[in-house]
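Participant: Provided below for reference: sequence and predicted model.
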Amino acid sequence: MYNDRCSQISIGGTEYNLVLTTKATKEIAKRYGGLSNLGDKLMKSENFEMALDEIVWLLTLLANQSILIYNLQNKDKKELLTEEIVELLTSPLDLADYKIAITEAMFKG
């Protein structure tokens, strides 16, 4: 089971597990050139909007991994998160807290 590889967050009152899978790692590599470049990109974002976009993208990617795993193992399917949903149901303060959960999921993964 993947539960020992995840961290948990709440978005809009719904709990989500953030999990780093091989699939997510490939997506991160496409976007950043590898996991090692991820931290640099997040810390050196050119402006606040770009930094928020990167955090929302990463948060959506990692939260969707647990949904994809669930959908693979169950007949009743859950809807994937979108970046727009995450943006609407969170505040910038939430995103700062989620950075800790993202780091934890990446470390465990």
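Facilitator: The structure has been received and is ready for your questions.

Participant: just say helix, strand or coil for S10.
Facilitator: strand (DSSP: H, G, I helix; E, B strand; the rest coil).

Participant: quick check: bridge partners of it?
Facilitator: Beta-bridge partners for S10, by DSSP bridges, are E15.

Participant: pretty sure it contacts N17?
Facilitator: No: with contacts counted by C-beta atoms under 8 Å, S10 stays clear of N17, the gap being 11.0 Å. No exception for glycine: its C-beta is placed from N, CA and C like everyone else's.

Participant: out of the two, which sits in the more crowded spot?
Facilitator: N17 (20 against 14; other C-beta atoms under 10 Å).

Participant: for stretch 25-35, the distance to its chain's centre please.
Facilitator: How far stretch 25-35 lies from its chain's middle: 13 Å, per C-alpha atoms, centre = their mean, to the nearest Å.

Participant: buried residues in it?
Facilitator: By 16 or more other C-beta atoms under 10 Å, the buried positions in stretch 25-35 come out as 27-28, 32.

Participant: please apply the same query to stretch 101-109.
Facilitator: Within stretch 101-109, the residues that count as buried by 16+ other C-beta under 10 Å are 101-102, 104-106, 109.

Participant: which phi and psi values does the residue nearest the centre of the chain adopt?
Facilitator: The centre of the chain sits closest to L59, judged by C-alpha atoms, centre = their mean, with a distance of 2.4 Å. Here is the backbone geometry of L59 (degrees, to the nearest 10): phi -60, psi -50.
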